[in-house]
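Participant: sequence? don't have it. structure:
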């Protein structure tokens with residue numbers, strides 16, 4: 001590889017590295033980001049490697065330093081940020097107060113959940129609940145987990161439905177074979193039982209799905225109240 005190619009690659013990577021903003025948190029963690037907005041109390045940003053993803057919000061009280069892509073730096077004083085309250089001048093007839101963003105709270109985001117500025121799935125959310133070591137929260141989370149497992153009982157409707165059709169067909173075939181002397185009562189009974197099973201499975205699945213939702217909701221509500 002000639003010197004010109006090497007120089008081109010180095011320039012490319014340097015430009016790429018310099019294009020990102022860096023957020024240094026109070027605990028030393030660093031976030032490679034693309035900052036979209038900086039206000040008095042918070043910073044809005046997107047992850048640098050996923051700029052089409054969600055916008056994250058971080059309180060300035062949790063941030064030590066911001067390194068911008070142009071090389072400038074902004075040091076954050078958490079105490080000053082916490083005590084800074086500015087009235088909002090507006091021509092409208094309402095007042096916009098400071099917005100609080102409790103990072104440790106769990107909130108619902110469609111079929112997923114948000115915790116500490118990140119979107120997580122149900123399993124990760126329940127892991128957070130288990131780590132609370134609160135017996136009541138763990139009991140509710142466990143109930144939701146068990147209900148999820150029982151929810152798959154709905155798939156049982158498929159074999160039951162096939163069984164109902166099989167025994168009904170068998171009974172009718174038996175009736176034709178024996179010159180319409182009547183269907184086999186045993187096969188008809190089995191067909192009816194399978195039919196009831198095929199109907200009951202989706203109903204049971206819906207019940208466990210509802211129980212799963214309620215248990216998760218109560219566990220999150222209790223967790224947010226305590227933590």
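Facilitator: Yep, it's here. Not measured: the values here are computed from a predicted model.

Participant: residue 70 falls within a strand, correct?
Facilitator: No - inclusion of residue 70 in a strand is not indicated when DSSP: H, G, I helix; E, B strand; the rest coil is applied; the result is coil.

Participant: show me where the protein has its helices.
Facilitator: The residue ranges that make up the helices of the chain, judged by DSSP state H, are 3-18, 78-83, 122-130, 135-151, 157-177, 185-226.

Participant: can you tell me which of those is nearest to residue 44?
Facilitator: Closest approach to residue 44 among the helices of the chain (C-beta to C-beta): helix 78-83, 15.1 Å. Bear in mind the C-beta positions are built from the backbone N, C-alpha and C, glycine included.

Participant: list the beta-bridge partners for residue 74.
Facilitator: With DSSP bridges applied, residue 74 shows beta-bridge pairing to residue 66.

Participant: please tell me how far it sits from residue 58.
Facilitator: Distance check for residue 74 against residue 58: by C-beta to C-beta, to the nearest Å, it reads 14 Å.

Participant: still on that earlier bit, any idea which of the helices of the chain scores lowest on pLDDT?
Facilitator: Comparing the helices of the chain by mean pLDDT, the weakest confidence falls on helix 3-18, with a mean of 48.

Participant: nearest to residue 30, of the helices of the chain?
Facilitator: In terms of C-beta to C-beta, the element of those nearest to residue 30 is helix 3-18, at 13.2 Å.

Participant: most residues in a single strand of this protein, which one?
Facilitator: strand 30-38 (DSSP state E).

Participant: buried residues in that strand, which are they?
Facilitator: 31, 33, 34, 35 (16 or more other C-beta atoms under 10 Å).

Participant: neighbour count winner among residue 74 and residue 58?
Facilitator: For residue 74 versus residue 58, neighbours defined as other C-beta atoms under 10 Å are more numerous around residue 58 (20 against 12).

Participant: apart from its chain neighbours, what residue comes closest to that one?
Facilitator: With C-beta to C-beta, 6 or more residues apart in numbering as the measure, residue 43 is the residue that lies nearest to residue 58, at 5.0 Å, once sequence neighbours are left out.

Participant: partners of that neighbour in the sheet?
Facilitator: Here residue 43 sits in beta bridges with residue 38, residue 58, going by DSSP bridges.

Participant: pretty sure it sits against residue 66.
Facilitator: Yes - Residue 43 lies in contact with residue 66 (C-beta atoms under 8 Å); the separation is 7.2 Å.

Participant: name the residues contacting each of the two.
Facilitator: With contacts taken as C-beta atoms under 8 Å, 6 or more residues apart in numbering, residue 43 and residue 66 have 23, 35 as neighbours in common.
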